[in-house]
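Chemist: kindly generate the corresponding structure for this input.
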Amino acid sequence: MPFNIPIALTWLRIVMIPLIVALYYVPDSWLTPLERDTWAAIVFVIAALTDWFDGWLARRWNQTSSFGAFLDPVADKLMVGAALLVLLDLNRVDAFIALVIIGREITISALREWMAKIGASASVAVHRLGKFKTAAQMVAIPCLLYWHSWNGLPIRLIGQVLIVVAAVLTVWSMCYYLQKAWPEIKKKQ
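Modeler: Modelled structure (predicted):
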């Protein structure tokens, strides 16, 4: 297993996941709900930024690896899944939306694994539609974790709108990837 700064940042993102969850189990005497929500949103944003930064560093320093390519999306899916479960528990996201997003992640991960196994991974390479979906999620989730207004901005409402946008993009991108994979799937029947 290679180890470099981009992979270390990915591992850091994985380590931050339990921290976000743990903040919601801290006694109210330690943190007010506003402080808890603020820290959870900040930790999530830092984790999301490491996602962008580790990929940028890996390409810039020519430190890409198959292990890093495997670990990075796993970290992303764990981070989003854990945050959605927290938000579901807090009644800040609808169960259907959480199910759509998590279900898509599992489906596309399995599809990519299978397509790689049959030598057709290029047909399900990351597309900008998936990147837009990720961007919507990565803005919506910290807004929903924060849940309060900030300087008159209705952060909760922004998060609620963006998570619906993310869910729509989730379904759209899943259909796109399945459509791209379909010719290869038909060949293997």
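
Chemist: from here on, contacts and neighbour counts on C-alpha atoms
Modeler: Noted.

Chemist: any stretches of this protein with poor pLDDT?
Modeler: Counting by pLDDT under 70, the chain contains low-confidence residues at 1, 123, 125, 188-189.

Chemist: so where do the helices sit in it?
Modeler: 5-23, 33-60, 66-89, 95-117, 128-146, 155-187 (DSSP state H).

Chemist: export those helices to JSON lines and tack on mean neighbour count?
Modeler: Output for those, formatted as JSON lines (neighbours: other C-alpha atoms under 10 Å):
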{"stretch": "helix 5-23", "mean neighbour count": "18"}
{"stretch": "helix 33-60", "mean neighbour count": "18"}
{"stretch": "helix 66-89", "mean neighbour count": "17"}
{"stretch": "helix 95-117", "mean neighbour count": "16"}
{"stretch": "helix 128-146", "mean neighbour count": "20"}
{"stretch": "helix 155-187", "mean neighbour count": "18"}
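
Chemist: so how far is L78 from T134?
Modeler: Counting by C-alpha to C-alpha, to the nearest Å, the gap from T134 to L78 is 13 Å.

Chemist: can you tell me how far the residue nearest to R13 when sequence neighbours are not counted is from D89?
Modeler: Using C-alpha to C-alpha, 6 or more residues apart in numbering and skipping the chain neighbours, the partner closest in space to R13 is A47 (5.0 Å). According to C-alpha to C-alpha, A47 and D89 sit 21 Å apart.
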